[in-house]
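S.K.: From the sequence below, what's the structure:
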Amino acid sequence: MVEILVKPLGIRKTSIYLLPNLITTGCLFAGFYSIIMAVNQQFEGAAIAIFVAGVLDSLDGRVARLTNTTSDFGAHFDSLADVVSFGVAPAVFGYLWLLKDLGKLGWLAVFLFVAATALRLARFNTLSLKTSNGYFYGLPCPAAAMLVITFIWMIIDFEDGWSSFLLGSAVFLDEWLVWILWSIFIFAAFCMVSLLPYYSFKDAKLRKSVPFVALLILAVFIGVISQDPPTILFILFSIYSLSGLVSYILKVRRGNPTGVFEE
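M.R.: Purely as a prediction, here's the structure:
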């Protein structure tokens, strides 16, 4: 008779902090809710849900740092939530809204977007040099998702006005829109897996005092966005997405040539 001895594994207790992980769970739920809304053809609700996920994602890390509750568990949980909220959710949303009309080309674009999101997050978690001089390498996944969903949200918001103004041109307009959206998905995927430099805003100190004029500018900024949220946000995220390419071109012109995908 052979006796098998099982040696107990040394299992290390994992620290799980409630507040930052609760915010991350909210981000995950918002992404999941967006998928449900898209499946039910409630596309504006799907767009708003992903936007809410973006807001929550910007808070969980800062809350963890401010409350000194950062952990490896929280970092990995945040990445998994980001794959759903900023990879799968925008892809399902964009495909069901318009890209399904392209057949295989449509789902190819959204799959590349999801794959780029996962690769971007995996590289961010393993790359020793995550940021340098206040810059990310590669377009952050939330920004890529916002670029996609604010475009769709903007078109949905203008849809009624366009259909009454253009009358019989709606079909022609849809033919242009589907390729514009397809190009945005491909462009966002390319930017995520590239090493283009993007400003990280990590040096923004929330606990640092600011002059009164800064609060006034912030109030004006919020007021401007409130006039037409989808359009203004799409313009802002378009500028941010292009800023990495502009920074790279300027770097090359200064005589510092580096590959777009070269680490």
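S.K.: And the strands in the stretch 101-250 of the chain, which stretches?
M.R.: With strands called from DSSP state E, counting those that start in this stretch, the stretch 101-250 of the chain shows them at 131-132, 135-137, 197-199.
S.K.: need those strands in TSV with mean neighbour count and distance to residue 178, can you?
M.R.: All C-beta atoms are positioned from the backbone trio N, CA, C, and that covers glycine. Below are the strands of the stretch 101-250 of the chain laid out as TSV (neighbours: other Cβ atoms under 10 Å; distance: least, Cβ to Cβ, whole Å):
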stretch	mean neighbour count	distance to residue 178
strand 131-132	13	36
strand 135-137	19	30
strand 197-199	20	28
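S.K.: Nearest to residue 51, out of those?
M.R.: strand 197-199 (19.2 Å; Cβ to Cβ).
S.K.: Now do the closest one: distance to the chain's middle.
M.R.: Its chain's C-alpha centre and that of strand 197-199 lie 14 Å apart, by Cα atoms, centre = their mean, to the nearest Å.
S.K.: For it, which helices and strands make contact with it?
M.R.: On a contact count with 3 or more Cβ pairs under 8 Å, 6 or more residues apart in numbering; DSSP states H and E, strand 197-199 meets strand 135-137, helix 229-253.
S.K.: export the ones you listed to JSON lines and tack on mean pLDDT and distance to residue 201?
M.R.: Listed next are those as JSON lines, based on pLDDT from 0 to 100; distance: least, Cβ to Cβ, whole Å:
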{"stretch": "strand 135-137", "mean pLDDT": "86", "distance to residue 201": "9"}
{"stretch": "helix 229-253", "mean pLDDT": "92", "distance to residue 201": "10"}
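S.K.: For residue 175, which of those is the nearest?
M.R.: helix 229-253 (20.5 Å).
S.K.: Next, the buried residues of the closest one.
M.R.: Across helix 229-253, burial judged by 16 or more other Cβ atoms under 10 Å covers 229-234, 236-238, 240-241, 244-245, 248.
S.K.: low-confidence ranges in the stretch 1-150 of the chain?
M.R.: Residues of the stretch 1-150 of the chain that meet the criterion pLDDT under 70 lie in 1-15, 128-132.
S.K.: mind listing the helices in it by residue range?
M.R.: Per DSSP state H, counting those that start in this stretch, the stretch 1-150 of the chain carries helices over the ranges 18-39, 43-66, 72-83, 89-97, 104-126, 141-166.
S.K.: would you put the C-alpha positions of the first one in CSV?
M.R.: As requested, the backbone C-alpha atoms of helix 18-39 are provided in CSV (Å, rounded to 0.1, in the frame of the first residue of the first chain):
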residue,chain,number,x,y,z
LEU,A,18,-13.3,47.7,1.1
LEU,A,19,-13.5,51.2,-0.2
PRO,A,20,-11.3,51.2,-3.4
ASN,A,21,-12.5,47.7,-4.4
LEU,A,22,-16.1,48.8,-3.9
ILE,A,23,-15.5,51.6,-6.4
THR,A,24,-13.8,49.0,-8.8
THR,A,25,-16.9,46.8,-8.4
GLY,A,26,-19.0,49.7,-9.3
CYS,A,27,-16.9,50.2,-12.4
LEU,A,28,-17.3,46.6,-13.3
PHE,A,29,-21.1,46.8,-12.8
ALA,A,30,-21.3,49.9,-15.0
GLY,A,31,-19.5,48.0,-17.8
PHE,A,32,-21.8,45.0,-17.4
TYR,A,33,-24.9,47.2,-17.3
SER,A,34,-23.7,48.8,-20.6
ILE,A,35,-23.6,45.4,-22.3
ILE,A,36,-27.2,44.7,-21.1
MET,A,37,-28.4,48.1,-22.4
ALA,A,38,-26.7,47.5,-25.7
VAL,A,39,-28.3,44.1,-26.1
